[in-house]
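**Student:** Quick check, what structure comes out for this input:
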Amino acid sequence: MKKNCLLLLIAILALSCKQGGRQGGTDDGKPVITVTIEPLRYFTEAIAGDRFTVTSMVPKGSSPETYDPTPQQLIDLAKSKAYFRIGYIGFEQTWMDKLTDNAPHLQFFDMSQGVDLIYDDTHVHQHAAHGALSGEESPSADEKHQSANEEHLSAIGVEPHIWNSTENAQIIAGNIVDALCTLDQENKDLYMARYDTLCRRIEHTDRLIRQQLSAPGADRAFMIYHPALSYFARDYGLHQIPIEAGGKEPSPAHLRELINTCKDEKVHIIFVQPEFDRRNAEIIARQTGTQVVGINPLAYDWEEEMLNTAKALNPSFP
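**Tutor:** Presented below is the predicted three-dimensional model:
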């Protein structure tokens with residue numbers, strides 16, 4: 001927490017020293033939208049076209065569950081006109097209040113609005129009560145109420161990887177086009193046309209995945225290190241078996257249980273994301289004859305990643 005506050009204070013001081021800075025735009029005059037993760041940048045750029053510059057807060061190869069922004073990123077955020085959050089990812093749970101309080105000109109939009117959320121106990125994020133950066137002032141009654149609500153949501157635990165779903169992707173796209181039309185009403189027709197094109201691509205991706213997973217030989221269960229495919233599994237009636245236990249590496253006893261589950265469920269594939277250690281997955285694979293497959297749900301090319309995931313579950317399908 002002290003590290004987060006220090007970063008924010010450094011950014012504020014640096015920003016206050018900059019003269020002639022522009023809010024809401026870059027040097028080329030384009031307004032800027034900041035998003036949390038690369039898949040959200042993909043959707044946003046697909047609809048916004050060249051009307052906005054879109055930047056991601058969580059860079060390639062970093063975990064959005066634990067990422068802390070650099071002071072330079074916090075300074076650059078002042079150039080943004082709006083911030084699109086994906087919903088409940090760890091970075092947002094920790095940082096969103098600070099970003100909101102210290103960038104008052106920014107408009108914030110939640111892309112998870114309307115999504116049928118999955119609640120579990122594997123994505124519980126704890127964060128401190130909202131208050132003054134100096135720690136000298138007590139939070140107001142409204143702030144205490146807001147903090148209590150946030151802690152309640154954190155205690156429930158929302159599965160945050162909503163973008164790994166074609167059904168949710170349609171909802172996210174709808175939220176993006178609504179936000180863009182709010183920000184730039186003059187180009188509403190352009191955004192609506194590009195939104196329609198994106199929706200057709202999402203529908204096409206969904207059809208290809210359903211063909212893949214309904215064909216003979218398709219797996220109905222898979223193992224994964226970090227449970228990032230909960231919504232994907234729900235969409236297509238699959239069983240996701242996470243290796244992580246409450247966000248921690250499995251104990252030896254739990255590892256033995258996973259090996260038995262892998263055999264019982266006739267699992268053939270263990271997915272591992274690049275930001276996580278492969279050792280436990282490889283131990284299970286050696287004991288069960290399964291294959292460890294690398295995936296990257298945080299990649300920019302959402303369609304390619306979704307199709308690659310489905311292909312791994314039925315590699316014999318043409």
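**Student:** can we go C-alpha only for contacts and neighbour counts from here?
**Tutor:** Noted.
**Student:** Check which element follows the host helix or strand of Thr261 along the chain.
**Tutor:** Per DSSP states H and E: Thr261 is located in helix 252-264. Sequence-wise, the next helix or strand downstream of helix 252-264 (DSSP H and E) is strand 269-272.
**Student:** tell me which strands and helices the helix holding Thr261 is in contact with?
**Tutor:** In terms of contacts (3 or more CA pairs under 8 Å, 6 or more residues apart in numbering; DSSP states H and E), helix 252-264 is packed against helix 279-288.
**Student:** for the record, mean pLDDT for the helix it packs on?
**Tutor:** What helix 279-288 shows for mean pLDDT is 97.
**Student:** Buried residues, it. List them.
**Tutor:** Neighbour counts over helix 279-288 (16 or more other CA atoms under 10 Å) mark Asn280, Ala281, Glu282, Ile284, Ala285, Thr288 as buried.
**Student:** now whatever helix or strand comes next after it, how far from the centre of its chain.
**Tutor:** Using DSSP H and E, the helix or strand that follows helix 279-288 towards the C-terminus is strand 291-294. With CA atoms, centre = their mean, to the nearest Å as the basis, strand 291-294 stands 22 Å off its chain's centre.
**Student:** Show me what strand 291-294 pairs with in its sheet, parallel or antiparallel.
**Tutor:** Strand 291-294 has the following sheet partners, assigned by DSSP bridges: strand 269-272 (parallel).
**Student:** re earlier: may I ask which two of the buried residues of helix 279-288 are separated the most?
**Tutor:** Of all pairs drawn from the buried residues of helix 279-288, the greatest distance, 12.4 Å, lies between Asn280 and Thr288 (CA to CA).
**Student:** Going along the chain, name the helices of the stretch 101-250 of the chain.
**Tutor:** 141-156, 166-183, 188-214, 230-236 (DSSP state H, counting those that start in this stretch).
**Student:** Now do the shortest one, average pLDDT.
**Tutor:** This means helix 230-236. Mean predicted confidence for helix 230-236 is 98.
**Student:** And the contacts of it?
**Tutor:** For helix 230-236, contacts defined as CA atoms under 8 Å, 6 or more residues apart in numbering pick out 118, 159, 161-162, 164-167, 210, 213, 238-240.
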